[in-house]
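Participant: Need a 3D model of the following:
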Amino acid sequence: MSPGILSPDGRQQFRATKTLELPAGPDQPAFNIVLTMVTDTGTNVAVPRRISGVAWTVTEVFGQAWPNDDPATLMIDDEMNVSAFGGCNRFRGQMQPSGLGLAFLENIAGTMMACPYEIEAQERRFLAALAQVSDYVRYGAGLVMTDFDGRTVLHFVETPE
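Facilitator: Residues are numbered from 1 along each chain as shown. Alright, predicted model coming up:
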């Protein structure tokens, strides 16, 4: 395995701890690496997994980059209430613990704005991806939500204030 990811001053920040075999996609190699944060003492530590209280902006849905300058957003509070913007409409709902980590309830309430077809289609993809979420990985300012099989369905970054 590789030595990991180094900081600008050459210190190791992350170490590859496990390699997962994933099938190749169109024009994509078949691999995935799990990284563990390394402290100044060289020991492995868990990366914080808290995702509530952070405003998240979507960058990818089902592996495709968000196509316009008005991306979907997601906010989860400490009671697992969810508010989201899908590109045109706003949504509210709740998450619940699942066997792997979490799940979004299917009965999400939302506004019903008249949206251009392209934006509405992207919003439907975003909601379909949320419905498939069963776990997540938080890394620094990023958040990856995965389905039951561990495939990435959504990728977010923290929204700057």
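Participant: can you give me the strands in the chain?
Facilitator: 5-6, 12-20, 32-38, 44-45, 55-61, 64-65, 73-76, 81-85, 90-96, 103-104, 109-110, 135-139, 142-146, 152-158 (DSSP state E).
Participant: where in this structure is pLDDT low?
Facilitator: Applying pLDDT under 70 to the chain picks out residues 1-49, 97-101, 105-106, 161.
Participant: Can you give the domain ranges for it?
Facilitator: 5-45, 55-158 (automatic domain parsing).
Participant: Endpoints of the longest one, how far apart?
Facilitator: Between the opening and closing residues of domain 55-158 we find a distance of 6 Å, counting by CA to CA, to the nearest Å.
Participant: cool, and stretch 145-152?
Facilitator: End residues of stretch 145-152 are separated by 6 Å (CA to CA).
Participant: Name the surrounding residues that touch it.
Facilitator: Under the contact criterion CB atoms under 8 Å, 6 or more residues apart in numbering, stretch 145-152 has outside partners 20, 22, 60, 63, 100, 129-130, 132-137, 144, 153-156. The C-beta positions use only the backbone N, C-alpha and C, and glycine is treated the same way.
Participant: Using neighbour counts, give me the buried entries of these.
Facilitator: Among the contacts of stretch 145-152, those buried by neighbour count (16 or more other CB atoms under 10 Å) are 60, 129-130, 132-137, 153-156.
Participant: Check those and tell me the two furthest apart.
Facilitator: Of all pairs drawn from those, the greatest distance, 17.5 Å, lies between 60 and 134 (CB to CB).
Participant: burial count for residue 128?
Facilitator: 12 (other CB atoms under 10 Å).
Participant: And for the one 10 residues further on?
Facilitator: Residue 138 sits with 17 neighbouring residues when counted by other CB under 10 Å.
Participant: so it touches residue 50, yeah?
Facilitator: Yes - the criterion here is CB atoms under 8 Å, and residue 138 meets it with residue 50 at 7.1 Å.
Participant: which residues touch residue 154?
Facilitator: 58, 60, 61, 126, 129, 130, 133, 143, 144, 145.
Participant: And residue 75, by the same measure?
Facilitator: Counting by CB under 8 Å, 6+ apart, residue 75 has contacts 54, 55, 56, 82, 83, 84.
Participant: So how do I select the buried members of those in PyMOL?
Facilitator: Only the buried entries of those go into this PyMOL selection, using 16+ other CB under 10 Å:
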select buried, resi 56+82+84
